[in-house]
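> I'd like to go over a predicted model; first the sequence, then the structure.
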Amino acid sequence: MNFRNMRKKNMLIIGPSGVGKTAIFEKIKKILNVPVVIFPVPGLSQAGYVGRSTDEILKQIYYEAEFNLDVAERAIVILDEIDKIAERGNDGVSTSGVQNELLKIIEGCERYVETGNPHDPYFTIDTSEMIFIGAGAFQELFEKVRPKIGYSQQEEKTKEKNQIDTDKLI
């Protein structure tokens, strides 16, 4: 099978910490002839705020492809620990703003990226052919719902321990 001729298919990989989600892609990186970038998502902040922006992902891809845009635009990008940017009631600079920016590059877009290098100050990259893989533990999906304390006490919901459905993911 020719990997480069596959249509873009993004993925989500869910599993507990330590099972080898990231290690699999370290091996794939050695086997395939495409850049594979493993990027830890925690710590990203919305454009305009202090911290790493989503452009850092695109810069890392560009550098991994040795400044060749044709190669970079066919990269595989693992967004490691993507579950850590889930909204949990507080809408900060590392939640919905980052989610929206990530969504744009995951769906596919042309992006102007400043490098900070005076000899190569910027590049424009198209993400529509890149494969993005979100990897995370999503630990809260596996935990049982605890009863609420007080007047609205509910019984603990029981589901099969490792069963994940779309409602839980949403």
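Now that the structure is in, tell me what you want to look at.

> only C-alpha atoms for contact and neighbour calcs from this point on.
OK.

> now the end-to-end length of stretch 106-115.
Terminal residues of stretch 106-115 lie 20 Å apart, using CA to CA, to the nearest Å.

> list the buried ones in it?
For stretch 106-115, the neighbour count (16 or more other CA atoms under 10 Å) marks 106, 108, 113, 115 as buried.

> Next step: those restricted to strands.
113, 115 (DSSP state E).

> so which of the buried residues of stretch 106-115 comes closest to residue 40?
Nearest to residue 40 among the buried residues of stretch 106-115 is residue 106, at 15.2 Å by CA to CA.

> The closest residue to the closest one other than its chain neighbours is in what secondary structure piece?
Residue nearest to residue 106 in three dimensions, not counting chain neighbours: residue 132, with 6.2 Å by CA to CA, 6 or more residues apart in numbering. For residue 132, the host element (DSSP states H and E) is strand 131-136.

> Now tell me what touches the next helix or strand after that strand from outside.
Next along the chain after strand 131-136, taking DSSP H and E as the criterion, comes helix 166-169. Outside helix 166-169, the residues that touch it by CA atoms under 8 Å, 6 or more residues apart in numbering are residue 141.

> pLDDT on helix 166-169, on average?
Helix 166-169 comes out with an average pLDDT of 71.

> for the protein, what spans make up the strands?
With DSSP E as the criterion, the chain has strands at 11-14, 36-40, 76-80, 110-117, 120-126, 131-136.

> Which one, of the ones you listed, ends up nearest to residue 64?
Counting by CA to CA, residue 64 lies closest to strand 36-40 out of the strands of the chain; the figure is 7.3 Å.
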